[in-house]
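**Student:** Let me see the structure of the following:
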Amino acid sequence: MSEKAQVTPYSATEVSKKGQVTHMFDKIAPYYDNLNRVLSLGIDVLWRKKAIKMLSKEAPKTILDIATGTADLAIEAARVIRPERIVGLDISANMLKIGDEKIIKKGLDKIIQLELGDSENLKYQTGSFDAVMAAFGVRNFENLEKGLGEMFRVLKPGGTLMVLEFSKPRLFPLKQLFNIYFKYVLPVIGKIRSKDEKAYQYLYESVQAFPDYEDFTSILEKLGYTRTSYKVLSAGICCIYFAKK
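**Tutor:** Residues are numbered from 1 along each chain as shown. Below is the predicted model of the structure:
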């Protein structure tokens, strides 16, 4: 990974990126869902729905949701795809606590199981899942290729990878408006609502550093994935990536 890819939430510390990301999400967990709705104007909900609708065509029976957070993607998958089992994994215990509450409230606790763990060192056996998915999580990996490689390992042969992640718009004037909003407006709102001035500054910086579009699919192909593709959403603010094992 290049130095550019090693953007961290709290740069003035010797703690690893993984440790910093864990601390950040534990801290902002109580505000996370509401902030997402406010900061994205609710569009993040539509992005997840679109991604799961596309994944539903594969009809996976077992799904691993990497960096599940408060389980929004897992809940949508349970509602639309109706698989036999979904495992949601995250390194933030506080995010998982909120996710568990949502799952129980919706009566999905027999389908979705949330577990604390490291996405770059998965405890699951090789070839365990029909599909592995992630929404706005792989950008936070300390080692992107290691994490994506682990996702590849636990997929069954013929299994599907689906990644929903921020990207950088390329078209004028959206590119310029996106940068202004993400760099200057969003961190101010995030600081006021979550009391963490670094978390939403990190969001902008991590998006800038993330290898999106063809750069991301090239990494997937390097790791052994096949039939890689991506679909641009909201004129390039977000992309849905698909690949097969």
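
**Student:** tell me what the worst-scoring helix or strand of the chain on mean pLDDT is packed against?
**Tutor:** Least confident helix or strand of the chain, by mean pLDDT, DSSP states H and E, is helix 186-194 with a mean of 75. Applying 3 or more Cβ pairs under 8 Å, 6 or more residues apart in numbering; DSSP states H and E, one finds that helix 186-194 contacts helix 17-39, helix 199-209. The way it works is simple: take the backbone N, C-alpha and C, and place the C-beta from them, glycine included.

**Student:** what does the longest one rub up against?
**Tutor:** I take that to be helix 17-39. Identification of contacts with helix 17-39 by Cβ atoms under 8 Å, 6 or more residues apart in numbering yields 6, 8-10, 13, 15, 44-45, 69-70, 72, 90-95, 97-98, 118, 120, 140, 142, 186, 189-190, 193-194, 196, 198-200, 202.

**Student:** List buried residues within those.
**Tutor:** Among those, the ones that count as buried by 16 or more other Cβ atoms under 10 Å are 8-10, 44, 69-70, 72, 90-92, 94-95, 98, 118, 120, 140, 142, 186, 190, 194, 196, 198-200, 202.

**Student:** Quick check on residue 89: phi, psi?
**Tutor:** Main-chain dihedrals, residue 89, degrees, to the nearest 10: phi -120, psi 140.

**Student:** From residue 75, how far off is it?
**Tutor:** 15 Å (Cβ to Cβ, to the nearest Å).

**Student:** before we move on, what about residue 9?
**Tutor:** 26 Å.

**Student:** try residue 156
**Tutor:** Distance, residue 156 to residue 75, using Cβ to Cβ: 23 Å.

**Student:** So for these two, which residue has more residues nearby?
**Tutor:** The neighbour count for residue 156 versus residue 75, taken as other Cβ atoms under 10 Å, is higher for residue 75 (24 against 17).

**Student:** re the thing from before, if you look at the buried ones among the contacts of helix 17-39, which of them are in helices?
**Tutor:** 44, 72, 94, 95, 98, 186, 190, 194, 199, 200, 202 (DSSP state H).
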